[in-house]
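Asks: got a predicted structure plus its sequence, pasted below:
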Amino acid sequence: MVKSTSKDAQDLFRSLHSAYSATPTNLKIIDLYVVFSVFTALIQVAYMALVGSFPFNSFLSGVLSCIGTAVLAVCLRIQVNKENKEFKDLAPERAFADFVLCNLVLHLVIINFLG
Amino acid sequence: MAGGLVRYLVLILAVAICGAASLFHPISNFHRSAALDVFVPVDGSYKSLEEAYEALKTLEILGVDRKSDFKSATCENVVEVLASPSSTLKDAFFALSVNGIMRCKSGEDVPKDIVSKLQAGVKDAKLLLDFYYSVRGLVLVKEQFSGNDISFGDAEAIFLSIKALSQSDGRWRYSSNNPESSSFAAGKLSLSKLLIDQSLIQTLKTSILKLFDSIQKYDDGTFYFDGSEGPISTTASVIRGLTSFAAAESTRLNLAVDNIVGLAKFFLGVGIPGDAKDFFNQIDALAFELSDTRTVRLTVTYVFHVKYSEGLAVLHPRILNKMMAAKMISVRCSTHLVSSIYCHFSAKKEPLKVKVSTVLGSKAPALNVNLAQALCSGSKGSVINNQELKFDADSATYFLDSFPKNFDVGKYTFVFEILLDELAHEKVYITEAQTKVPIAATGAISIENAEISVLDSDVGSVESQKKLDLTKDGAVSLSANHLQKLRLSYQLTTPPGHVFKPHQAFIKLKHESQVEHVFLVKASGKKSELDFLGLVEKLYYLSGKYEIQLTIGDASMENSLLSNIGHIELDLPERPEKAPRPPLQPTDPYSRYGPKAEISHIFRVPEKLPAKQLSLVFLGLIVLPFTGFLIGVGLLSLLTRLGVNIKSFPSLVGAATSALLFHGGIGAVLLLYLDLFTTLKALSLLGVFLLFVGHSTLSHLASASNKLKSA
């Protein structure tokens, strides 16, 4: 049965990949951005695990900025995705502007909290 | 009627051993230099003629010649006053007085206005002072300007009107010038050629005598009159009046010698006054007239003892009057202070010196000084009797250099008497009955047989005994416990060989902790015992090493001593709970201004920072995803030709500007890195700006896209 499961996994993976390729490019960019920010967060967590959490506020601000911007990017992706029926009337520029504004606010707070 | 005046000179015996012994100093150069300070006007001229008169008269009496300094300014003043018809009586009087001293204006030229004014004043006067000024003024005019004929209208009537102002007790209603009335009464008498009824003169005399009933005195023999202006001024006025009366009148005035001597003493006891008016009053009263141009007719006699003693000869009454005004406070202080001081005198080294002079400091006539008695404070009789002092012509002092064999160290009161050589002088000089001077005769006291020992109090047996040499500090070391006694004994003998009892003898025990105890050495027996059993509580139960100090002192002891005898180790029992603690010794009062202890700060151990290399590694790691992102975007854009949407960038200028500004604003926001509140402030401004800019850009874009959609 192992073989079948691995084959199933391979099949699954191949189907996912093909499906994913169909997504529009801008969505791919957004996905890439999300992955990038999450990675950054993980690296920061690993660093803190190593050296201790002395300036805890710095750690928090760093991690939360990454996570926050990831969340905002996900929201953007939802709004921009043409296949979502709920957001049909929303212009993608508007969504992008929202994204930018929210990021601005987030980063303002983060920078101040960085210490 | 030129009344004869007997001039009396005051003789003062100054016991020249020490200044303090002479209770009343004659006028000396100190007075003269003080007078220069007091009477020289500040800006070259005197404020009023009264002040000018006082100053000039005082300086004249003292023999200090500064007239030329002020002559011009003062004379101007005087001439002005004498010339103007509108001067007051007082100004006129003082102007004439100053003129008398300074001789600004003299000769035939009589100021008519002044004369008529004064005469009118005499007629119309109601107050005593007005009478005084006018009458005296006329007298002065007569003295200074020759060739005039000034007469009073009706001398008797004036006299009676003045008398009406008198009171029965010899004083006058306007009390500040009591007997100056008698002075101008005298002046008036001298002017008028009429013979005034003897009864009037008699009444005046009785009133003067009654005045003397109100004389007051202090314990040290000074007499004074008290009045509303203070004792100095009042007694000076009394003396002035007396002397004028005596000068003008040829009757006898019997005044007690004691009174007169006391009055003289009062003024001398003033010392050197600081106030100009007091100074003037003092000197004026003490002054005497050396130029004896008037005939000496014994018209004033005084009751006095046959035997004179050293002391004060009585002053001329006029002088006496002026003497009266002495400042009360300084008199009290000086006499009281002086009388309690002993004058020290060492019989072996120097003879006893005595100086006699008049009150104003000039030479006395030939006389003998007799030491009547030398009373010792302890014994009953006198050691020295009627010893005459020898006269040394070079220094004009009288001295005594031979003392009896039994003249011992101690405190004495020497009683001096003065005997005038010539009989004629008896009428001129008056001295005090006896002058008592406290003297302490000092000498070197020898201390013998000084011993200190520790005894057992029960048995009385001596545990340890040591001889002491009290002239140098010893290093005796004893030890005792609380059951024992400390005994100290010594013998003091005077040079003749008598036993001497010192005034002060103390033993001081000082503990290591600076707690001190002082014990009296009892006078009898010259030995004292300290019984530690009774003293345990007084010593605060402090055991340990005590320093012993012995102090012996006396006024007649030339070698009083304070010697550190040594140490004693005291062993006292334990302190019970309720016993008092020794008092806290004062710490060095300046120690609190010194530097305090150094403070060592404790800092928080800094957090351990991670190694630099590790941080750098992670920095690189962080950058990695970002680069990955960029690469991915690039790939994707390459793949799908996705470009930045520049197409809808507006081309119109206005819109383009706002779009640029919009982008710039966003960038600026991202670049803000300040404190939160300053950032918020900047942000609010930037936000408002962005709002407008952004709105215009976005609306432009929206309209463009709408146009695109509709098109």
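Replies: Noted; the coordinates are in hand.

Asks: got phi/psi on residue B:557?
Replies: With angles defined as degrees, to the nearest 10, residue B:557 sits at phi -100, psi 120.

Asks: I misspoke; the intended subject was residue A:97.
Replies: phi -60, psi -40.

Asks: wait, isn't it in contact with residue B:701?
Replies: No - using CB atoms under 8 Å, residue A:97 is not in contact with residue B:701, being 9.9 Å away. Placement of C-beta: from N, CA and C, glycine included.

Asks: the two - which one has more neighbours?
Replies: Applying other CB atoms under 10 Å in any protein chain shown to residue A:97 and residue B:701 shows that residue B:701 carries more neighbours, namely 18 against 14.

Asks: in which helix or strand would I find that one?
Replies: Of the helices and strands defined by DSSP states H and E, residue B:701 is found in helix B:676-710.

Asks: swap in residue A:32?
Replies: Going by DSSP H and E, residue A:32 is in helix A:25-51.

Asks: got the CA coordinates for stretch B:51-69 in CSV?
Replies: C-alpha atoms of stretch B:51-69 as CSV (Å, rounded to 0.1, in the frame of the first residue of the first chain):
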residue,chain,number,x,y,z
GLU,B,51,26.1,123.9,69.2
ALA,B,52,28.8,126.3,68.2
TYR,B,53,28.8,127.9,71.6
GLU,B,54,29.0,124.5,73.4
ALA,B,55,31.8,123.3,71.2
LEU,B,56,33.9,126.4,71.4
LYS,B,57,33.5,126.7,75.1
THR,B,58,34.5,123.1,75.7
LEU,B,59,37.5,123.4,73.5
GLU,B,60,38.5,126.5,75.2
ILE,B,61,38.3,124.9,78.6
LEU,B,62,40.2,121.9,77.6
GLY,B,63,42.9,124.1,76.1
VAL,B,64,42.5,122.7,72.6
ASP,B,65,42.9,125.5,70.1
ARG,B,66,40.9,124.9,67.0
LYS,B,67,39.2,128.2,66.9
SER,B,68,40.9,129.4,63.7
ASP,B,69,39.4,126.5,61.8
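
Asks: which positions in it come out as buried?
Replies: Buried residues in stretch B:51-69, counting neighbours by 16 or more other CB atoms under 10 Å in any protein chain shown, are found at B:51-62, B:64.

Asks: likewise stretch B:552-566?
Replies: Those would be B:552, B:554-557, B:563-566, for stretch B:552-566 by 16+ other CB under 10 Å.

Asks: what does chain A put close to chain B?
Replies: For chain A, the residues in contact with chain B (CB under 8 Å from any CB of the partner chain) are A:25-26, A:28-29, A:32-33, A:35-37, A:39-40, A:43-44, A:46-47, A:50-52, A:54, A:91, A:93, A:97, A:100, A:104, A:107-108, A:111-112.

Asks: which among the residues you listed end up buried?
Replies: Buried, going by 16+ other CB under 10 Å: A:26, A:28-29, A:32-33, A:35-37, A:39-40, A:43-44, A:47, A:104, A:107-108, A:111-112, out of the residues of chain A next to chain B.

Asks: nearest to residue B:544, of the buried residues of stretch B:51-69?
Replies: Taking CB to CB as the measure, residue B:62 is the one of the buried residues of stretch B:51-69 closest to residue B:544, at 67.5 Å.

Asks: ok, now how distant is that closest one from residue B:37?
Replies: 12 Å (CB to CB, to the nearest Å).

Asks: same thing with residue B:90?
Replies: 27 Å.

Asks: pLDDT averaged over stretch A:55-70 - what is it?
Replies: Mean pLDDT, stretch A:55-70: 90.

Asks: again with stretch B:36-51
Replies: 72.

Asks: any idea how far apart the tips of it sit?
Replies: 14 Å (CA to CA, to the nearest Å).

Asks: stretch B:595-609 now?
Replies: The first-to-last residue distance of stretch B:595-609 comes to 39 Å (CA to CA).

Asks: list the buried residues in that stretch.
Replies: In stretch B:595-609, no residue is buried by neighbour count (16+ other CB under 10 Å).

Asks: contacts for it?
Replies: A:52, A:54 (CB atoms under 8 Å, 6 or more residues apart in numbering or on different chains).

Asks: check which helix or strand residue 98 maps to.
Replies: This is for chain A. Taking DSSP H and E as the definition, residue A:98 sits inside helix A:92-114.

Asks: looking at chain B here, not the other one
Replies: If you go by DSSP H and E, residue B:98 is part of helix B:89-102.

Asks: same question for residue B:58.
Replies: helix B:49-62.

Asks: give me the angle between the next helix or strand after that helix and helix B:89-102.
Replies: Counting by DSSP H and E, the next helix or strand C-terminal to helix B:49-62 is helix B:67-83. Inter-element angle recorded for helix B:67-83 and helix B:89-102: 140 degrees (by axes from the mean of the first three to the mean of the last three CA atoms, to 10 degrees).

Asks: rounded mean pLDDT for helix B:67-83, please.
Replies: On average, helix B:67-83 scores 70.

Asks: what's that helix packed up against?
Replies: In terms of contacts (3 or more CB pairs under 8 Å, 6 or more residues apart in numbering or on different chains; DSSP states H and E), helix B:67-83 is packed against helix B:49-62, helix B:89-102.

Asks: so it versus helix B:49-62, what angle?
Replies: Going by the same axes, to 10 degrees, helix B:67-83 makes 140 degrees with helix B:49-62.

Asks: what's the domain layout of chain B?
Replies: By the assignment in automatic domain parsing, chain B contains the domains B:2-247, B:446-576, B:640-710.

Asks: who are the contact partners of residue 48?
Replies: In the absence of a named chain, this looks at chain A. With CB under 8 Å, 6+ apart, residue A:48 has these contacts: residue A:59.

Asks: actually chain B
Replies: Residue B:48 neighbours (CB under 8 Å, 6+ apart): residue B:94.
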